[in-house]
Every structure is written in C-alpha cells, then in structure tokens.
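Q: no sequence on this one, just coordinates:
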C-alpha cells in the first residue's frame, strides 16, 4: 500500500518498483557520483522518494524527486535524481526512508546531509574481466548478458553448460567475483546469499547483477 509521510516539511513518498517481465527480480538502483554536502536544519525543502525494493530483500536508498530553489539544499545544487548518501555521518545509500527520516529528525536544528548524483542509464563504463581484458558496457546492463555477448565463457563446465537456468537466478552457476572501488554497487541480495553460502560477499550471481560502474570481474 502506497503512503505519504510529512515530517517537519519533508515529504516522502514510496515509488513502485519496476519488475522486469523476463526476470523474477528488478534492477536494484543506478550508479551515483558528485557528492554535495549540506549543513542545514529542517525543513529541508526537498521531496524524497523511497526506492522501495523490498521484493529483492533489501531497500536501495532514498532519492530526491523535487528540490526547492530557495532552500539550502537547492542552493547547494541538489536536484531531482540525487540520492541521500549520508545523514550526520551515517551511510544511508541503501537505507529505507524510515531510517533516513529517523536520522533527519534526531536533531532537526542541525543536520548534515550528503547527496550523490546518479549516472543515467547508458553511461559508459569498463568491466575488466580477469583473463579476458576490458569490456565496454553501460550503466543498467545485466552483467550476465554483457559477459555472454562478449563471448566470455561464463559456463565453463559441462554441468554448467547443460544445467544452467538461462539467467533465472535459480541454478547459481553464473557466479562471479566483483571488485570495485567507488562504493556504488549494492551488497548482494538475500537470495544470492542463500545460493552462494559457500562464497565470499564479493561473489555474485551475474544474472542478478546490473552494471553500476567500472569494476573487475573474476570467474570461478
């Protein structure tokens, strides 16, 4: 059920998540850069929307949908599409709006908020695949599809070739290890955690992973 909450002039409204018709999951979020830090007080003079991706087992941040030009945030350059990356030093990149509001209202007379600008889908990035060299991709691309389109042997064993689920997130055979330095890739989903219990947190299902920025990929 959709709801709107007004807290000291701060409007928050959940937005419906887009569920891809060909996959049982949705792209979690888009990449971010260009940090803006604002020292201010409530009300912030901006409208925030929750990504509301709980169907994937986690939330994925709170984003600005409107920013008043006469507010401290608007005057600092905060614009629609920015994500609230931290409040009073607490990382909120993957927090839900209840958590963000709690932090904002804990000391309404003195709030330090950092915002990050998100890259648009299609922003070019480079994926360095161990043993294969760099591949060109774009923000929003499905990692499994990028690897297959570039002839990367994602399914090396006969079992993987014959038994993979075709990108449905069920077989666990498209696992890859991902490393990146910009902090724009979210943690793996609970579903991935269940499928990949024996592997470190950097191991992901390529079919569940959408390109968020430059990275290095290692095949098992």
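A: Thanks, I have it. Computed from a prediction, not measured in an experiment: that's the story for all the values here. Numbering: from 1, shown residues only.
Q: what ranges does the chain have for its helices?
A: Using DSSP state H, the helices of the chain run over 72-75, 97-105, 143-149, 158-163, 190-195.
Q: buried residues, the longest one. List them.
A: Applying a neighbour-count criterion of 16 or more other CB atoms under 10 Å, one finds 97, 100-101, 103-104 buried in helix 97-105. In this view, the C-beta of every residue, glycine as well, is placed from N, C-alpha and C.
Q: tell me the one among those nearest to residue 126.
A: Top of the list for closeness to residue 126, among these and by CB to CB, is residue 100 at 32.0 Å.
Q: who's in contact with the closest residue to the closest one other than its chain neighbours?
A: Excluding its sequence neighbours, the residue lying closest to residue 100 (CB to CB, 6 or more residues apart in numbering) is residue 62, at 4.8 Å. Going by CB atoms under 8 Å, 6 or more residues apart in numbering, residue 62 touches 12, 48-51, 83-84, 92, 95-97, 100.
Q: over to residue 179?
A: Applying CB under 8 Å, 6+ apart, the residues near residue 179 are 202, 215-216, 218.
Q: now stretch 123-139: mean pLDDT?
A: For stretch 123-139, mean pLDDT is 91.
Q: got the end-to-end distance for it?
A: For stretch 123-139, the separation between the terminal residues is 5 Å (CA to CA, to the nearest Å).
Q: go on, stretch 127-137?
A: End-to-end distance (CA to CA), stretch 127-137: 7 Å.
Q: in that stretch, what counts as buried?
A: Using 16+ other CB under 10 Å as the burial criterion, the residues of stretch 127-137 that qualify are 127, 129, 135, 137.
Q: lowest pLDDT pick from the buried residues of helix 97-105?
A: The member of these with the lowest pLDDT is residue 97, at 88.
Q: return the distance of stretch 126-144 from the chain's centre.
A: 17 Å (CA atoms, centre = their mean, to the nearest Å).
Q: of the contacts of residue 62, closest to residue 145?
A: residue 51 (22.5 Å).
Q: quick one: that closest one and residue 92 touch, right?
A: No - counting by CB atoms under 8 Å, residue 51 stays clear of residue 92, with 11.8 Å between them.
Q: overlap in contacts of the two?
A: Counting by CB under 8 Å, 6+ apart, the contacts common to residue 51 and residue 92 are 61-62.
Q: so what's residue 215 bridging to?
A: Residues in a beta bridge with residue 215, per DSSP bridges, are residue 127.
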